[in-house]
Structure formats: structure tokens, C-alpha cells
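Chemist: I would like to see how this sequence folds:
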Amino acid sequence: MIYTAIDTFYVTDEQIANSPSRKDGIDEQTEMTLRLFGCELIQESGILLRLPQAVMATGQVLFHRFYFKKSFARFNVKRVAASCVWLAAKLEESPRRIPQVLNVFHRMECRRENLPLEPLESHSKKYAEMKMDLNRTERHLLKEMGFICHVEHPHKFILNYLAQVEPPPELMQEAWNLANDSLRTTLCVRFKSEVVACGVVYAAARRFQVPLPENPPWWKVFDAEKQEIDEVCKVLANLYRQPKARYIDICKDSESFVLTNKTWDPPPDAKESLKNLSNGIKPSNQSGPSNPESSGGRDAIVKAALDKLKESKKSENDTRNVSVNGELREDFTSGKPKQQNHRTDETGDRSKDKDKERSRPRDRERDREKDKERDRDRGREWERDRDRERDKELEREREKGKDKTYRSKDRSKDTVHLEKSRHHSSSRDRDYQSSSYTSSREKERHRHHHPYA
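Modeler: You can find the predicted model right below:
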């Protein structure tokens, strides 16, 4: 568990009542509806991306934290939800690629707005803009949180609490579901995860009528208060009374995540004031008495704006008159009407367009012929290289054959020499034996014939 010196993740009731969205004129119900809608997007996209529940829980917590720093009127809900999913997947070590995230959110948007399900091409302009928005919004998220994005969920505390009570499995599953639903509300930024876990366990136990120890109170062991547990139960009960969340277009950045043509309409008072200024009508004060200083300042601003409009109109009229007079002079001096010049220009442009259209198939054929010639040249070069390699291999084989023949000749010579040497040695042995035999016979004869033998 990571602890920080300054814990800015939790907000008070005053900060909730004076959130940035409230300062921009967004009421409480609209803000709650947009929060529910953004959390639904995160949950649905996590299922489609096959992410673990921890990633979706982290993304929803980051979503709530960000919109207590910034207003819904300044940042589009769909873009922020996509960036929260992408950032949470990296924080929980289950990253997904940018094309996967963008394709999932694009498909969800098309299904919600009943648009044709067209694939998002990675080389299109729309994909490049969506990718840029995703990266930019992620940088805003990290900047507002000071790059401290650790999140602690109540799920692990629920398991520890219920392991000591040994409840039925239905109660444990109900507490787990309530913990997942609590992430759609602002409980994760109002109370610590231990308090939320106690409130979830208390609500599940009340539903299944499972008694919990009250003497001493069981919530004291987990550093929680009864008032906080009751507040958690009230928020959860209010959540289940809400209708299905829907998208409300209040963002001043008119483009949605799939870049539709929806625009943000200003309030009717602003429209009337803009029309009056454009027509040169002085706006009337309908809000009763006001401070003289503020009224004088407004009158001065209105007068300055009207003077600027009058000057701009005068300058436009002067330029128009000058251009008209110049054209008339040119027409009188040339003696040709201006309409004929326009007609000749139009005919010339049409002929040029026709020539371009006629030349397009020719240019295409030329490009195709050039491509074919390039392919042929490449095929010829490839054949030449292949023939060269074959010739080299044949030369190598020939050299190997020559080496073998030379070696065989040398071996035959050696065998002949050995045979000759053996023949000579055998003949010598025979001669020696024959000579020794004859000498021995002669000695014996000499003994028999010698008188003194």
C-alpha cells in the first residue's frame, strides 16, 4: 500500500456542492447522470476488451477524481472515459493497444447513436484525431492528479470482514456486487475504502437478514462510524432509484468521441444578445436595478462593440464601392462587358477540367506500364542473379570433382609404389633363402668328400 504525504483524493460536502461543473451552471441531476454514463462506458468497454474487474474499478475511480478537478462542460465524457480505461489498464499491468481501445469506443458510440457499424481504419484522418485526443486527455488526467494514481478498492476488505463472520455464499456475492455498483457513485472520493466496505457488508447483511455483532459494534474494529455506514447505504439506495443513464451534450467542445455533427447550443439569453449586437440594437436591462458601476461598465463595453461594428461596416462598404468603380472603369476602357469575361473564364475552366478528366486514364495507363516495366526489370535482375548463383555452384562442384580426381590419382600412385616395394622385398628374401640353401648343401657335400672330415 502506497501512502502519500498530502492526500488530496477525498473531497468534502462543500467541495461536492461547489464542484467545477456546478460553477459552470450544471445542476446536480445532470452531473450525476453524466457520471453514471461515463462509468457505464468504462464498465462496458472493459468487458469488450476482456480486462479484469480491477482495471474497470480503477478507471471509474480515476474518472470521478478527474471530474472533481475539471468540469463536464470543459471535457467530453466519452473522451475522458476512454482515457481512464487506457490509463487504468496500464496501471493494473493489463495494457491494451490504442487501436483496440479506439475501436471498442467507436463501436459503442455507433451502437448507441444507431449509426452504421463501419470499421475504424488506422490510416484515416478520424483515427488520427481520436488518437491525438486520447493522448491529450491522458496527459490532462496525469497532470490534475499530480502523477499519483494509486487506488485502493474495498473488495479486499470485504473478503477479510466476511471471513471472520463465516456468512453464506449468497451474502458474499451480494456484497461484492454492491461494491462494484458503489464505484458508479462518488463514494470512492468521499470515504475511504474501509468505510465503503463496511457499508456494503451492512447493506448485504440487512438484505439477507444475517445478524452482525453489535456488542461491541463490529464496525469499530475496522475504524468506521455508524453515520458513515448509513450514508453509504443511502447513496446506494439512491443509485438504484435512478433511471438508465444517457448522454447529455453539455460540453463546449462540440465534437464527440466519434466526431459526430452535434453542436453545443448556447443559452437563449446569449443568442439574443449576440443577435442584438450584430443588428446594432442596444440590449435592455431586464434584471431589475443593478449597481451603477456595473451598468456603466456594461454600457461602455456595448458602445465600444457597436462602434467597432459600424467601422467594420463602413470599411466593407468603401471597399465594395472601390472595387465596383474599378471594374466599371476597366469595362468602359476595354469596351467589353464583364459578363462575357466571366463566361469565357467559365468555358476555359470547363475545358481544362475536361482535358484533365481525359488525361487521367492516360496517366493511369502510363503509370501501369511503368510499373510493369519495373516489375519486368526486377524479374530480369532476379533471373540474372539466379543464373550467376547457379554458375558459381557449378564451378564449385567442378573444383570439388577435380580435387577428388587428383586425390584418387595420388592414392593409386602410392598403392603402386607400395606393391613394387613389396615385390622387391619378397624377391630379395627368396634370393637370400636360395643362396643360403645352396651354401648349406655345398658345405655338406664338402664334408662327405673331404678325407679328414
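Chemist: So in the chain, where's the weakest helix or strand by average pLDDT?
Modeler: Here the helix or strand of the chain ranked lowest by mean pLDDT, DSSP states H and E is helix 268-279, holding a mean of 50.
Chemist: Tell me which helix or strand the residue nearest to Gln43 when sequence neighbours are not counted sits in.
Modeler: Of all residues beyond its chain neighbours, the one nearest Gln43 is Met56 (5.3 Å), with distances taken as C-beta to C-beta, 6 or more residues apart in numbering. The C-beta positions use only the backbone N, C-alpha and C, and glycine is treated the same way. Assigned by DSSP states H and E, Met56 falls within helix 53-66.
Chemist: List the contacts of the helix or strand following that helix.
Modeler: Proceeding N to C from helix 53-66, the next assigned helix or strand is helix 77-91, under DSSP H and E. Helix 77-91 has contacts (C-beta atoms under 8 Å, 6 or more residues apart in numbering) with 34, 37-38, 41-42, 45-46, 49, 51, 55-56, 58-60, 62-63, 66-67, 95-96, 98, 101-102, 105, 109, 133-134, 137-138, 140-142, 149, 151, 247, 251, 256-257.
Chemist: Could I have the buried ones of these as PyMOL selection syntax?
Modeler: Buried members of these, defined by 16 or more other C-beta atoms under 10 Å, are picked up in PyMOL with:
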select buried, resi 34+37+38+41+42+45+46+49+51+55+56+58+59+60+62+63+66+67+96+101+102+105+109+133+134+137+138+140+141+149+151+247+251+256+257
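Chemist: For the stretch 151-300 of the chain, give me the ranges with low pLDDT.
Modeler: 253-300 (pLDDT under 70).
Chemist: where along it do the helices fall?
Modeler: 155-165, 169-182, 187-190, 193-208, 226-241, 268-279, 292-334 (DSSP state H, counting those that start in this stretch).
Chemist: which other helices and strands contact the fourth one?
Modeler: If I follow you right, that is helix 193-208. helix 155-165, helix 169-182, helix 187-190, helix 226-241 (3 or more C-beta pairs under 8 Å, 6 or more residues apart in numbering; DSSP states H and E).
Chemist: Give me the buried positions along the shortest one.
Modeler: Going back to what we said before, that points to helix 187-190. Neighbour-count burial for helix 187-190 [16+ other C-beta under 10 Å]: 187-190.
Chemist: Next, format those as CSV and append distance to Asp371.
Modeler: Below are these laid out as CSV (distance: C-beta to C-beta, whole Å):
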residue, distance to Asp371
Leu187, 65
Cys188, 60
Val189, 61
Arg190, 66
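Chemist: Out of the residues you listed, which is nearest to Glu383?
Modeler: The nearest member of the buried residues of helix 187-190 to Glu383, counting by C-beta to C-beta, is Cys188 at 69.8 Å.
Chemist: Now do the contacts for the residue nearest to the closest one when sequence neighbours are not counted.
Modeler: With C-beta to C-beta, 6+ apart as the criterion, Cys188 has its nearest non-adjacent residue at 4.8 Å, and that residue is Val61. Counting by C-beta under 8 Å, 6+ apart, Val61 touches 151, 153, 183, 188-189.
Chemist: farthest-separated two in the residues you listed?
Modeler: His153 and Val189 (13.1 Å).
Chemist: pLDDT of stretch 106-116, averaged?
Modeler: Stretch 106-116 carries an average pLDDT of 89.
Chemist: List the buried residues of that stretch.
Modeler: 106-110.
Chemist: CA atoms of that stretch as CSV?
Modeler: Extracted in CSV, the C-alpha atoms of stretch 106-116 (Å, rounded to 0.1, in the frame of the first residue of the first chain):
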residue,chain,number,x,y,z
HIS,A,106,-16.1,3.8,-31.7
ARG,A,107,-18.3,0.7,-32.0
MET,A,108,-20.1,1.5,-28.7
GLU,A,109,-20.8,5.1,-29.9
CYS,A,110,-22.2,3.8,-33.2
ARG,A,111,-24.5,1.4,-31.5
ARG,A,112,-25.8,4.0,-29.0
GLU,A,113,-26.5,6.5,-31.8
ASN,A,114,-27.9,4.0,-34.3
LEU,A,115,-25.1,4.7,-36.8
PRO,A,116,-23.9,2.2,-39.4
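Chemist: which parts of stretch 157-169 are buried?
Modeler: 157-158, 161-162, 167.
Chemist: Then stretch 229-238?
Modeler: Using 16+ other C-beta under 10 Å as the test for burial, stretch 229-238 gives 229, 231-233, 235-236.
Chemist: ok, those vs Pro217, which is closest?
Modeler: Looking across the buried residues of stretch 229-238 and measuring by C-beta to C-beta, the closest to Pro217 is Ile229, at 9.9 Å.
Chemist: List the contacts of the closest one.
Modeler: 195, 198-199, 202, 219.
Chemist: Between which two of those is the distance greatest?
Modeler: Val195 and Tyr202 (10.6 Å).
Chemist: Touching both of the two, which residues are there?
Modeler: Common contacts of Val195 and Tyr202, defined by C-beta under 8 Å, 6+ apart, comprise 229, 232.
Chemist: mind listing what Arg184 touches?
Modeler: Listed by C-beta under 8 Å, 6+ apart, the contact partners of Arg184 are 35-36, 39-40, 60, 239.
Chemist: Top of these by number of neighbours, please.
Modeler: In terms of neighbours by other C-beta atoms under 10 Å, the contacts of Arg184 top out with Gln60 at 30 neighbours.
Chemist: any chance you could map the strands in the stretch 351-453 of the chain?
Modeler: For the stretch 351-453 of the chain, applying DSSP state E, counting those that start in this stretch gives no strands.
Chemist: where does it dip in pLDDT?
Modeler: 352, 354, 406, 409-410, 412-453.
Chemist: go with 50
Modeler: By pLDDT under 50, the weakly predicted segments of the stretch 351-453 of the chain are 450-453.
Chemist: what's the closest residue in space to Lys226 that isn't next to it in sequence in contact with, if anything?
Modeler: Closest residue to Lys226 apart from its sequence neighbours, by C-beta to C-beta, 6+ apart: Trp219 at 6.7 Å. Trp219 sits next to 198, 202, 225-226, 229 when contact means C-beta under 8 Å, 6+ apart.
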